[in-house]
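S.K.: Take a look and give me a structure for this.
(one chain, ligands or ions: 2)
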Amino acid sequence: MTATRYATPLREGGSLPGLMEADDLGTWVVKFHGAGQGVKALLAEVVAGELARALGFAVPELVVIDVDPELGRVEPDQEIQELLRASPGANLGMDYLPGSITYDPLAFTVDAGLAARVLWLDALVLNVDRSWRNPNLLLWGGRLWLIDHGAALYPHHDWTRAKGTLDRALPQWNQHVLLPAAGELAVSLPAADAALAPAVTEELLRDVLALVPDAWFGIDANADADAARYVDWLHTRVSGSRPWVTAMLATDRPTRSADRGTGPPEWLRRRLPSRPAHAPTTSPPAPGRHRDGDHGSNGCEDGRRSADDRATDNTAGDGRTADGRAGDDRAGDSRG
Ligand SMILES: Nc1ncnc2c1ncn2[C@@H]1O[C@H](COP(=O)(O)OP(=O)(O)OP(=O)(O)O)[C@@H](O)[C@H]1O
Ligand SMILES: [Mg+2]
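M.R.: Ligands and ions are numbered 1, 2, ... in the order given. Next up, the predicted model:
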């Protein structure tokens, strides 16, 4: 895939991602290897993103996109010119989801099973970037899409110390944006663990690493040996006793006083459902409930609720969505 035009910067992104058109006539969110986050952020995007996809989460298509720095020559913004100049060759393209909106825990419900699975995934890959401040979740076509995994796998910045991170719990997991939606963790997290851990095989990890372009491992690196480090680290992490899972079960729910000062601000806590839906599986939604282009529910309510609905959040507190329905827990199973 080759970029043909730089369209516009994406204002929200710290790494200055841009919207680019490509020779497939598609529009791609492009993240550049010359950005301050460095090429390892692109590597983490591919490894965590493709692993997530393989586990059934909705992740926009990822491609390697060839960028000619000349495309930046007509760009009036000097910062963008410099970014393109610093990023010749292989960069990361992510399918642009037009009209998508950022997940807002006050306005949308996600079923407990899906929320716990996302929490589990982020804990496995040590993705510290899915907090209530910065959800990195998009709603589009009635589904919840996982984006921005550039901060995951942070031990890869220093492999000499990575051994010490094999059992590490997700830092600040109590600020994970989907934690309030995950219901009783004692129920939802072991279920997520049982469903996902056996699927993270060495073979799958090797397949995922094979999607990373050699250039991203560094000029002097042995790409195969480097890829094996990721496979080993992830496989060791998932195939052991997984103390990074039990760490989240051992602690009290962080919406309680124990973490005062580290969680969402008080006004937000009060508005988050105190005991959101977990598990009660409803029958599949009636045909026609979803909009065109919906590929099936992945457990996220397919639309913004009304202000009135949201206003009931304070009082519901009984584990149901504002309109009284429990979440649909088939999700995460977004294959197909
Ligand atoms: N595939 C996509 N489709 C539509 N919008 C997107 C897509 N990817 C990213 N965006 C939008 O661009 C914003 C920035 O993207 P992203 O979070 O991936 O960049 P980033 O530079 O890693 O950001 P940060 O580090 O600040 O979180 C997202 O919050 C979202 O609003
Ligand atoms: Mg982001």
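S.K.: and the closest residue to ligand 1 within the stretch 151-300 of the chain, what is it in contact with?
M.R.: Distance from ligand 1 to each residue of the stretch 151-300 of the chain (Cβ to the nearest ligand atom) is smallest for residue 151, at 7.1 Å. Every residue, glycine included, has its C-beta placed from N, CA and C. By Cβ atoms under 8 Å, 6 or more residues apart in numbering, residue 151 lies in contact with 41, 44, 127-129.
S.K.: and the residue in the stretch 101-250 of the chain positioned nearest to ligand 1, what does it touch?
M.R.: Closest contact between the stretch 101-250 of the chain and ligand 1, by Cβ to the nearest ligand atom, is at residue 148 (3.4 Å). For residue 148, the contact set (Cβ under 8 Å, 6+ apart) comprises 13, 45, 129, 136.
S.K.: if we can go back for a sec, how far away is the residue of the stretch 151-300 of the chain closest to ligand 1 from residue 171?
M.R.: From residue 151 across to residue 171, the span is 11 Å (Cβ to Cβ, to the nearest Å).
S.K.: re earlier: next one: the residue of the stretch 101-250 of the chain closest to ligand 1, what pLDDT does it get?
M.R.: Listed pLDDT for residue 148 reads 97.
S.K.: Any stretches of this protein with poor pLDDT?
M.R.: Counting by pLDDT under 70, the chain shows low-confidence ranges at 251-336.
S.K.: Near ligand 2, which residues of it? Just list them.
M.R.: Taking Cβ under 5 Å from the ion, the part of the chain that reaches ligand 2 is made up of 136, 148.
S.K.: Can you pull the domain assignment for the chain?
M.R.: Per automatic domain parsing, the structural domains of the chain span 3-95, 101-137+151-280+298-316.
S.K.: Could you take these and lay them out as a markdown table, with extra columns for distance to residue 143?
M.R.: A markdown table is the format used below for the domains of the chain (distance: least, Cβ to Cβ, whole Å):
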| stretch | distance to residue 143 |
| --- | --- |
| domain 3-95 | 5 |
| domain 101-137+151-280+298-316 | 5 |
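S.K.: how about the residue lying closest to residue 123 once chain neighbours are set aside, secondary structure?
M.R.: Once flanking residues are discounted, residue 123 sits nearest to residue 170: 4.1 Å by Cβ to Cβ, 6 or more residues apart in numbering. With DSSP: H, G, I helix; E, B strand; the rest coil as the basis, residue 170 sits in coil.
S.K.: and residue 170, how many neighbours?
M.R.: For residue 170, the count of nearby residues is 22 (other Cβ atoms under 10 Å).
S.K.: Report the contact partners of it.
M.R.: 119, 122-123, 126-128, 176, 244, 248.
S.K.: Look up phi and psi at residue 22.
M.R.: Main-chain torsions, residue 22, degrees, to the nearest 10: phi -130, psi 170.
S.K.: For it, give the beta-bridge partners.
M.R.: Beta-bridge pairing of residue 22, defined through DSSP bridges, involves residue 3.
S.K.: One more: residue 27?
M.R.: Taking DSSP bridges as the rule, residue 27 bridges to residue 21.
S.K.: That one touches residue 20, doesn't it?
M.R.: Yes. With contact defined as Cβ atoms under 8 Å, residue 27 reaches residue 20; the gap is 7.3 Å.
S.K.: shared neighbours of those two, anything?
M.R.: Common neighbours of residue 27 and residue 20, using Cβ under 8 Å, 6+ apart, are residue 7.
S.K.: Which one's more surrounded, those two?
M.R.: The residue with more neighbours, out of residue 27 and residue 20, is residue 20; 26 against 17, by other Cβ under 10 Å.
S.K.: my guess is the more buried one meets residue 6, correct?
M.R.: Yes. Assessed by Cβ under 8 Å, residue 20 is found in contact with residue 6 at 5.5 Å.
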